[in-house]
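**Student:** Okay, predicted coordinates and the sequence, questions at the end:
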Amino acid sequence: MFRLHEPFIPLFPCALLQRPAFSQQPDTAYIAEIARHREHYKQEFIAESRSPLTEADTAALDFFEPDKAWRVEARFERTPNTVPFDMPTYSGRSTQYQQYGALYFDKDGKTYALEIYQNVRFLTSQKYYDYLFLPFKDHTNGDDTYGGGRYLDFRLGDIGADNFMVIDFNKAYNPWCAFSDGYNCPIPPAPNHLEVRVEAGERNFKGEKKH
């Protein structure tokens, strides 16, 4: 997992998304996996020189309890011939992204769609050329979670040969703007505003935001 902040569709019928369920880990193993993921997330703040948080601040990070129901399998559809566009950030600046594809998943009898993006600047980076960015908003924003939305990170290799990939909302994290001013945090585009409460992943920061 990595944090790459700078200083900062018509829906298809549900039947098209159906296929044999992917294998699930035992709940205890999954809870342990999420615990390790979150501990690594905290350690990244401590190790990163540009981090908005100190080691003491990480005690104020807060998360929903792991909920395996929010680990969903999505059908990936490539969107070729897209052109770069300016994705606004909460600092007032913008960063160039291009849409790489769309993801379709079912939850509680409804089908949802999300767009997934590439940062144009990273396309020439040996380290991050395969980085995929999924910013989203949902109905918990401004209530249980940060009002500006949350993010998920992927690599091209996360897309299976069968064009399915796992979206684990339990790994959704806050942009650095949730903790401090002075960062260029992309604003999730309108197509990625989910009409549902995603009660998974990172919650509002319990500490005091820095200015």
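**Tutor:** The structure has been received and is ready for your questions. Everything quoted here is computed from the prediction, not taken from an experiment.
**Student:** which residues make contact with stretch 69-82 from outside it?
**Tutor:** For stretch 69-82, the surrounding residues in contact (CB atoms under 8 Å, 6 or more residues apart in numbering) are 12, 16-17, 21-22, 30, 98-107, 114-116, 159-160, 163-170, 198-201. From N, CA and C alone the C-beta is placed, and that goes for glycine too.
**Student:** Tell me the buried residues in it?
**Tutor:** Buried residues in stretch 69-82, counting neighbours by 16 or more other CB atoms under 10 Å, are found at Trp70, Arg71, Val72, Glu73, Ala74, Arg75, Phe76.
**Student:** One more: stretch 135-152?
**Tutor:** Judged by neighbour count using 16+ other CB under 10 Å, the buried positions of stretch 135-152 are 135-138, 140-141, 145-146, 148-152.
**Student:** and what of stretch 43-59?
**Tutor:** Within stretch 43-59, the residues that qualify as buried are Glu44, Phe45, Ser51, Pro52, Leu53, Asp57, Thr58, counting by 16+ other CB under 10 Å.
**Student:** Alpha carbons of it, as CSV, please.
**Tutor:** Below are the C-alpha coordinates for stretch 43-59, written out as CSV (Å, rounded to 0.1, in the frame of the first residue of the first chain):
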residue,chain,number,x,y,z
GLN,A,43,3.5,3.1,10.2
GLU,A,44,3.5,4.9,6.8
PHE,A,45,2.6,8.2,8.5
ILE,A,46,5.5,7.7,10.9
ALA,A,47,8.0,6.9,8.1
GLU,A,48,7.0,9.5,5.6
SER,A,49,8.8,12.8,6.0
ARG,A,50,6.0,14.8,4.4
SER,A,51,3.4,13.2,6.7
PRO,A,52,0.7,15.4,8.3
LEU,A,53,0.7,13.2,11.4
THR,A,54,3.2,12.3,14.1
GLU,A,55,3.5,8.9,15.7
ALA,A,56,1.4,10.3,18.6
ASP,A,57,-1.3,11.5,16.1
THR,A,58,-1.8,8.0,14.7
ALA,A,59,-3.6,7.1,18.0
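**Student:** Mind listing the residues bridging to Lys107?
**Tutor:** Per DSSP bridges, the residues bridged to Lys107 are Lys110.
**Student:** for this protein, which spans come out with low pLDDT?
**Tutor:** Low-confidence segments of the chain, defined by pLDDT under 70: 1-26.
**Student:** and with 50 instead?
**Tutor:** Residue ranges of the chain with pLDDT under 50: 1-2, 4-18, 20-21.
**Student:** what ranges do the helices span in it?
**Tutor:** For the chain, applying DSSP state H gives helices covering 27-47.
**Student:** which two in the buried residues of stretch 69-82 are spaced the farthest apart?
**Tutor:** The most widely separated members of the buried residues of stretch 69-82 are Trp70 and Phe76, with 18.2 Å between them, by CB to CB.
**Student:** Nearest residue to the middle of the chain?
**Tutor:** When CA atoms, centre = their mean is applied to the chain, the residue found nearest the centroid is Leu152 (1.6 Å).
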